[in-house]
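**Student:** Sequence first, predicted coordinates after that:
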2 protein chains.
Amino acid sequence: MTLEKYRPLENSLLTFHDYIPRFLNGTDNPREYLERCLAQIELLEPKVKAFVVMNIDSARKTADASTQRYQAGKPLSVVDGMPFGVKDLYETIDMKTQMNSPVYKDWHGIRDSAHAFSLRQGGAIILGKTSTTEFGMATPPPTRNPYNYNKTAGGSSSGSSAAVGASMIPAASGSQVRGSIVRPAGYCANFALKPTFGAINRGGGHSLAPSQSVLGVHAGSLEDCWSTAFYISSHAGGDAGCPGLYGNPTISESKNPGTIIRLDSLGWDTTTDSTKEAFEVFLEKLIDRGVEIISRKDDDRIKRFEEALREIPEFLFRMLGYESRWPLQDYQLSHPESLSQKMLDSLELGLSVSVEDYRSILKQRQQLRDIQVSLKGIAGSFLLLCSCDPPPDYPYIGDPVYGDVSSTLGAPAFSLPFLEVDSLPVGIQYMGYPGDDYQLACNSKWMTEIH
Amino acid sequence: MTLEKYRPLENSLLTFHDYIPRFLNGTDNPREYLERCLAQIELLEPKVKAFVVMNIDSARKTADASTQRYQAGKPLSVVDGMPFGVKDLYETIDMKTQMNSPVYKDWHGIRDSAHAFSLRQGGAIILGKTSTTEFGMATPPPTRNPYNYNKTAGGSSSGSSAAVGASMIPAASGSQVRGSIVRPAGYCANFALKPTFGAINRGGGHSLAPSQSVLGVHAGSLEDCWSTAFYISSHAGGDAGCPGLYGNPTISESKNPGTIIRLDSLGWDTTTDSTKEAFEVFLEKLIDRGVEIISRKDDDRIKRFEEALREIPEFLFRMLGYESRWPLQDYQLSHPESLSQKMLDSLELGLSVSVEDYRSILKQRQQLRDIQVSLKGIAGSFLLLCSCDPPPDYPYIGDPVYGDVSSTLGAPAFSLPFLEVDSLPVGIQYMGYPGDDYQLACNSKWMTEIH
């Protein structure tokens, strides 16, 4: 792995699961682990600006309690003692939830969101709220890329990806409607899971586009990413009416993915040459290791799928606008001058969409999903990029277009920090069929090992 | 119709749509209409206790503005000037949202829920918050039945049904997870629509069981009920990812329903004899008018459907418990002694349900839905009761078991105030197939006319 070269500092804070044996044998403990995180935060946070608010006193108390449990040989769960950042679109009982909007300035919910609550129940340390774009959609926060402070950390899960990328914390929550998990994860060299739609409980979250918003996890290692996501889904459930994450609590198998479909459809035209080249080199490496990579040149069904994916932008913005009319229209009236022009533009577009239009859009999206599922006989998974480029200059947060593929399909995707482009991190997006999150995790493990 | 005999006072406040010509020709106006509502509230609210909080100053101002619009011949919509009650599980920008729980005592959201916002946009008057059971599930509010103050108004849409039943307001919102719209509507002689799952935007609502919770409308007339529900869905949309209510803005057709399946399955065994008898008399009346009523005796597929419906209680409580673990567990920890024993029992049950159990439950529910849809060739709609009995003595809120049928199926159902049992109101539940809400409305109009 070439990943290490990006790390801003020499340390191994980013993994958590492999410290557990040391916590249990007393050579390390969660309080010490937390203090190392806090030292890293003290060092880098002034530049990276990943956190909106923190609760350090509570974190230290929680870490001490966790330390005692490990010393007694009785940790509560795989996340016991793990410092964690909660994306600031999600409520926390002890910290404000402000969504990078003046509308929610100083707003304080009275509960933990479902994932924050379940993590606390398992002994995790909710260290702070991580920055996001305005309502997860527009104005970027001040957050910078830990690998180059002039560059963006991406959005909307800016703070989570930057905090993990800067080794400040081992894991954090993200959420995605378009590309808000996979792109920032790629830019900051995180592992991340954007799960199957509905697989992790969004309760206590404030998404403006609920029909394809998902909650996911950023982490410094694939193992932490999966085990944390699986822990949350097992304890908080998926969204109501959804079956939650299938699979095992940890990735128990490293598995060659066999045949993979490469997707260079939506997003490819605006991808930089150096990014394309890094993608090709990665695919060659997989081929060398016995993976079969197929494309539209090999099967017309793939060609038709790629053509269909290119239709996404035709309906996506109207769909997002329609779904976010409420509450944006309410906020616009109750808090004049508080929404950015980008939010107002989205609202205006949304108000122009009729219910009949919206029904057509839902059908069009479902057709795409049906086409994807029809490819199951051809290959078990898909490879595409997380972004068109390495992280661009702040304040531009980058183009979420590659994320639109997995988001629109409701399909699971891992962001894998495998590429280096122009001396900056770029992620591989490894996508599966809805419900196949665990299969993807096992294949991702294999790819991480051979990378 | 025998309905009038139940009205506690001689007045016709309960209809709204048929006042609009008078508003337009100047013989009446929304401010006068509101004042008549307020007079009725002053008279009956001390006994009925339908409202948790009201905003009368704002209501009068809104009514005056509406009056001016009618005088200029330019009302904003079919709901312009209509006094409306919002169920206290839904947020309002100008009033607290407390959910009959100490956890939310004095809690004040910063926005209107989607339906309240869209109604205000159309000129409706959000007069107050109507009482509900604890989180829509447990401890009843003080609300009494307007037809007999010793009796319940039902639950959880207690306040909305009582306020409409007492002629205090022409319409109000309700929501249903089990029987929380149809039963109280029946007990208080409202017309009500529990729509197809997802057909009316629940944004800004706090349901504990999101996978089958729906938002609906109570009204004093079928016309107001439909046109208000349709107005909300047209302007606020359905839930994200759902197509919203199909049909026309008003019920433009009165239509003989043709063949109807009678359901005396789940709930029938505990239905009182006098209630059963009233149901039979009503069916006979329909038969006299040319409707074909069929039952399990006529077709084995109906028999199998009825047998399947009897399985609902086997999984329903585990499902509700599972979906409400969060946030109840959070509330229990953050607000000790604040949840009722009934809520704690539900939480305990929910915590015993594994994710595998929940997946099985979702499959079982889907199978029931598939069975219903397979009956489309046999009949276009279904008739059953709204409750097992006339309203029982307060504080018992009655058995929601009949509502479990339409709720579990995600199917639309009108509550029609057609029966009188032991000198009290009992509702007919007229159920269709998902998406057929408007068809049901046209058939309900026909039934209302012949009743």
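**Tutor:** Received the coordinates, thanks. Numbering: from 1, shown residues only, chains lettered A, B, ... in the order given.
**Student:** which residues in the stretch 301-450 of chain A form strands?
**Tutor:** A:381-385, A:413-421, A:424-431 (DSSP state E, counting those that start in this stretch).
**Student:** Please identify which of these is closest to A:Q68.
**Tutor:** For the strands of the stretch 301-450 of chain A, the distance to A:Q68 is smallest for strand A:413-421, at 34.5 Å, taking Cβ to Cβ. The way it works is simple: take the backbone N, C-alpha and C, and place the C-beta from them, glycine included.
**Student:** Tell me, how many residues neighbour A:A185?
**Tutor:** As a burial measure, A:A185 scores 40 neighbours (other Cβ atoms under 10 Å in any protein chain shown).
**Student:** Would you check that it makes contact with A:S161?
**Tutor:** Yes. Counting by Cβ atoms under 8 Å, A:S161 is a contact partner of A:A185 at 5.3 Å.
**Student:** Now list whatever residues contact both of the two.
**Tutor:** Shared contacts of A:A185 and A:S161 (Cβ atoms under 8 Å, 6 or more residues apart in numbering or on different chains): A:G154, A:G174, A:A192, A:H218.
**Student:** Next to chain B in this structure, residues from chain A, please.
**Tutor:** A:93, A:103-104, A:107, A:110-112, A:114, A:117-118, A:121, A:201, A:203-204, A:209-212, A:233-234, A:236-237, A:239-241, A:243-244, A:322-323, A:325-327, A:329-331, A:334, A:355, A:358-359, A:362 (Cβ under 8 Å from any Cβ of the partner chain).
**Student:** filter those residues to the buried ones?
**Tutor:** Using 16 or more other Cβ atoms under 10 Å in any protein chain shown as the burial test, the residues of chain A next to chain B include A:93, A:103-104, A:111-112, A:114, A:117-118, A:121, A:201, A:203-204, A:209-212, A:233-234, A:236-237, A:239-241, A:243-244, A:322-323, A:325-327, A:329-331, A:334, A:355, A:358, A:362 as buried.
**Student:** picking that back up, of the shared contacts of A:A185 and A:S161, which is the most crowded?
**Tutor:** A:G154 (36 neighbours).
**Student:** Now that one. Nearest residue, chain neighbours left out?
**Tutor:** Excluding the flanking residues, the one nearest A:G154 by Cβ to Cβ, 6 or more residues apart in numbering or on different chains is A:P184, at 2.8 Å.
**Student:** And the helices in the stretch 151-300 of chain A, which stretches?
**Tutor:** With helices called from DSSP state H, counting those that start in this stretch, the stretch 151-300 of chain A shows them at A:158-165, A:182-187, A:222-236, A:273-288, A:300-309.
**Student:** Quick check: which of these has the most neighbours on average?
**Tutor:** helix A:182-187 (a mean of 37; mean count of other Cβ atoms under 10 Å in any protein chain shown).
**Student:** can you point me to the longest helix in chain A?
**Tutor:** Ranked by residue count and defined by DSSP state H, the top helix of chain A is helix A:312-334.
**Student:** for the residue in the stretch 351-451 of chain A that chain B sits nearest to, what are its contacts?
**Tutor:** Residue of the stretch 351-451 of chain A nearest chain B, by Cβ to the nearest Cβ: A:R359 (4.7 Å). By Cβ under 8 Å, 6+ apart, the contact list for A:R359 reads B:P243, B:G244.
**Student:** so how far is B:S118 from the closest residue to A:A219 other than its chain neighbours?
**Tutor:** Of all residues not flanking A:A219 in the chain, A:C225 sits nearest, at 3.7 Å (Cβ to Cβ, 6+ apart). When distance is defined by Cβ to Cβ, to the nearest Å, A:C225 is 40 Å away from B:S118.
**Student:** same deal with A:K49?
**Tutor:** A:K49 is 38 Å from B:S118, by Cβ to Cβ.
**Student:** in chain A, what spans have low per-residue confidence?
**Tutor:** A:1-13 (pLDDT under 70).
**Student:** swap the cut-off to 80 and go again
**Tutor:** Chain A contains residues with pLDDT under 80 at A:1-14.
**Student:** Need the residue in it that's farthest from the chain's center.
**Tutor:** Distance from the C-alpha centroid of chain A peaks at A:A72, with 34.3 Å (Cα atoms, centre = their mean).
**Student:** if you skip the residues just before and after it, what's nearest to whichever residue of the stretch 51-200 of chain A sits closest to chain B?
**Tutor:** Ranked by Cβ to the nearest Cβ, the top residue of the stretch 51-200 of chain A for proximity to chain B is A:A114, at 4.2 Å. Spatial nearest neighbour of A:A114, chain neighbours left out: A:G203 (3.5 Å); criterion: Cβ to Cβ, 6+ apart.
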